[in-house]
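Student: Can you look at this prediction? I've put the sequence above it.
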Amino acid sequence: MRNPEGNAAKRVAIATPGPWRSWRIRTRHGRAIRFMETYCRAPKGKGHGQPMKLAGFQKEFLEEALADGIDAAVLSTPRGNGKSSLGGALATWALFDDDATGSPQVPIIATTITQAVRSCYGVAAAMVRAEPELLRRSLIFTGFAQPRIVAPFNGGEMFPMSNQPEGIQGLDASLAIVDEIGFQPQDSWDSLRLASGKRERSLSVGLGTPGTDRDNALWFLRRLVREGGDLPGFVFREHAAPEGCALDDRQAWRKANPAIRAGFLRMSALETDLGITPEGHFRTFRLGQWVDGVDAWLGADGAALWEGLTNPYGFVEGAPTWVGVDIALKRDTSAVVAIQRRPDGRYHAVCRIWTPTPDRPVDVTDVMQHIRDLDAAYSVEAVSFDPRFFDVPAKMLLDEGLPMMELPQSVDRMTMAVGGLYEAIVHRQVTHDGDQSFAAQVLNAVARSNDRGFTLAKSKSRGKIDAAIALALALDRAQRHEDDSSVYADRGAIEL
């Protein structure tokens, strides 16, 4: 059987190392910078077709990332700051020059292979095609199933791949690029790191913009750095506007976007986006800030909307109270939301959340006791629940005299409940105490449309949303209590 790669290798015009091998440069980052500014031509934007001119902040990152003893490095910037060009050029250098351990392997990891080809890998391939010294020493395979660039003179290859952990675990990367790390799951980054160490030297580089939620590798790594843990061998650099800055603060724009000073990002682009882009999107993608709920059911400005409902209120002892319960045992959290009506007619919601651990599921008896405590302190009118994981405990509470109301989460019923909650939030008829865990779960929720409106989809959401479901169940009963007042006399279970 013929070896297609072996036959293809015969078509390489030059099978010897390039002239860069004669450079006498002591530092690894010095070699990388010189290579990138000599052989990597910008495929688009300012300086198109000319050798790259790296900005100061890019050189500083490379100096840190390529230093001895560094195994992983992350650069977080807003969009438009040259991440794809930097990643493509770095991957190109790693393929052609960084082969001290032999046969460099340079994977470029994105959500899908197509996404990788459109970003860093596509930039790298364009750079190779544009520079004769590189093109003559390489082969570019463009097949849909397995595109890659091979350098026969050193046995190296660069290729795009998806972020599936099972594929990543088999890598032996000399330098790996994780593109848009703010949208990559933590287990993909973990798989990449746990596959490393086979070579004398290897490096994982994450490049990206803050994600639209906090359930991703970039947020996880950022949090570790912020918590001040000892992280030897790891570099993290973030360019972002100061928290709480005014949306139109031009000084904050410049701080977040070093490419403005470098001359390859126009200030006028941000000026335009300020007027036509929702605040949540502008802060995330132009200022590099973390904003919850950007693509969730409450819209791009959902975080500001929910925060604006903060108005602490003490529940009144003995006052009518409605409760919503969403239970999970092993993977999801469990949540109970209680609602009372304020004197001004608005509904105030408080939430308690239980989080399971890998070796300890949620103890449903704790949830039951919390519901009993609510009933003892207030006049609980209804406890709405999904029977899937709470059927038996609910029957036990019913036997104790609590007003349990079964509400299976069918499309019709949940569309009505979620629609009522959405209207109440938008029209500021709901208040809360500012609990951050409660806020995160409300803002995590993503809508699933149907012919009558929409529900909240756990499978599509970017984090836990049990508190949002419990809130919808509680508010649904609170809003309908006048119509259903007669059914509470016997405090019996009712399937709505």
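Tutor: Structure's in. What do you need?
Student: surely Arg346 meets Ile425?
Tutor: No - the criterion here is CB atoms under 8 Å, and Arg346 misses it with Ile425 at 11.1 Å. Using the backbone N, CA and C atoms, a C-beta is placed for each residue, glycine as well.
Student: Tell me which of the two has more neighbours.
Tutor: Ile425 (20 against 17; other CB atoms under 10 Å).
Student: Check the spacing between the more buried one and Gly299 real quick.
Tutor: 10 Å (CB to CB, to the nearest Å).
Student: Which neighbours do those two have in common?
Tutor: Leu305 (CB atoms under 8 Å, 6 or more residues apart in numbering).
Student: excluding its backbone neighbours, what's nearest Ala377?
Tutor: Glu317 (6.1 Å; CB to CB, 6 or more residues apart in numbering).
Student: Return the per-residue confidence for that neighbour.
Tutor: pLDDT, Glu317: 96.
Student: is it true that Gly324 lies in a strand?
Tutor: Yes - under DSSP: H, G, I helix; E, B strand; the rest coil, Gly324 sits within a strand.
Student: In this structure it contacts Ala470, no?
Tutor: Yes - in this structure Gly324 lies within contact range of Ala470 using CB under 8 Å: 3.9 Å.
Student: Next, show the common contact partners of the two.
Tutor: With CB under 8 Å, 6+ apart, Gly324 and Ala470 have common neighbours 336-337.
Student: more crowded one of the two?
Tutor: Gly324 (33 against 30).
Student: circling back to that earlier point, relative to Leu374, how far out is the residue nearest to Ala377?
Tutor: 11 Å.
Student: Which one of these two is surrounded by more residues?
Tutor: Neighbour tally, Glu317 and Leu374, criterion other CB under 10 Å: the higher count belongs to Leu374, 20 against 8.
Student: Checking that one next. Helix, strand or coil?
Tutor: On the basis of three-state DSSP, Leu374 is classed as helix.
Student: Which residues are in contact with it?
Tutor: 321, 323, 336, 338, 380.
Student: so which of the residues you listed comes closest to Leu224?
Tutor: Val336 (31.0 Å; CB to CB).
Student: Now the common contact residues for Glu317 and Leu374.
Tutor: In contact with both Glu317 and Leu374: no residue, using CB under 8 Å, 6+ apart.
Student: Please name the residues that touch the closest residue in space to Gln429 that isn't next to it in sequence.
Tutor: Once flanking residues are discounted, Gln429 sits nearest to Arg346: 5.3 Å by CB to CB, 6+ apart. Arg346 makes contact with 428-431, according to CB under 8 Å, 6+ apart.
Student: same deal with Leu203?
Tutor: So Leu203 contacts 65-66, 70-73, 174-176 (CB under 8 Å, 6+ apart).
Student: Could you verify my assumption that Met405 touches Ala478?
Tutor: No - the pair Met405 and Ala478 does not pass the contact test of CB under 8 Å, sitting 11.8 Å apart.
Student: how would you label the residue lying closest to Asp172 once chain neighbours are set aside: helix, strand or coil?
Tutor: Nearest residue to Asp172, sequence neighbours excluded (CB to CB, 6+ apart): Lys198, at 5.1 Å. When classified by three-state DSSP, Lys198 comes out as coil.
Student: Quick check: Lys198 vs Val235, distance?
Tutor: 21 Å.
Student: For those two, indicate the residue with more neighbours.
Tutor: Val235 (20 against 12).
Student: Name the SS class of the more buried one, please.
Tutor: strand.
Student: residues in contact with it?
Tutor: 61, 64-65, 67, 70, 72-74 are the contacts of Val235 under CB under 8 Å, 6+ apart.
Student: now those residues as TSV including distance to Val294?
Tutor: Listed next are the contacts of Val235 as TSV, based on distance: CB to CB, whole Å:
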residue	distance to Val294
Phe61	26
Glu64	29
Ala65	28
Ala67	34
Ile70	32
Ala72	27
Ala73	26
Val74	20
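Student: Make CSV from those and add pLDDT and neighbour count to it.
Tutor: As requested, the contacts of Val235 are exported to CSV (pLDDT from 0 to 100; neighbours: other CB atoms under 10 Å):
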residue, pLDDT, neighbour count
Phe61, 98, 24
Glu64, 97, 15
Ala65, 97, 23
Ala67, 96, 14
Ile70, 96, 18
Ala72, 97, 22
Ala73, 98, 21
Val74, 98, 25
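Student: Tell me which of those fall in helices.
Tutor: 61, 64-65 (DSSP state H).
Student: ok so Leu224 is a helix residue?
Tutor: Yes - using three-state DSSP, the assignment for Leu224 is a helix.
Student: where's Gly56 relative to Val123, distance?
Tutor: From Gly56 over to Val123 (counting by CB to CB), the distance is 21 Å.
Student: These two - which one has more neighbours?
Tutor: Remark: of Gly56 and Val123, Val123 carries more neighbours, 25 against 10, as counted by other CB under 10 Å.
Student: quick check: domain ranges of this protein?
Tutor: The record's domain parsing of the chain by automatic domain parsing lists 4-238, 320-495.
Student: which stretch in the ones you listed has the least confidence?
Tutor: domain 320-495 (a mean of 87).
Student: so what does the strand or helix carrying Arg31 touch, helix or strand wise?
Tutor: Element membership of Arg31 [criterion: DSSP states H and E] is helix 28-39. Secondary-structure packing of helix 28-39 (3 or more CB pairs under 8 Å, 6 or more residues apart in numbering; DSSP states H and E): helix 56-65, helix 83-96.
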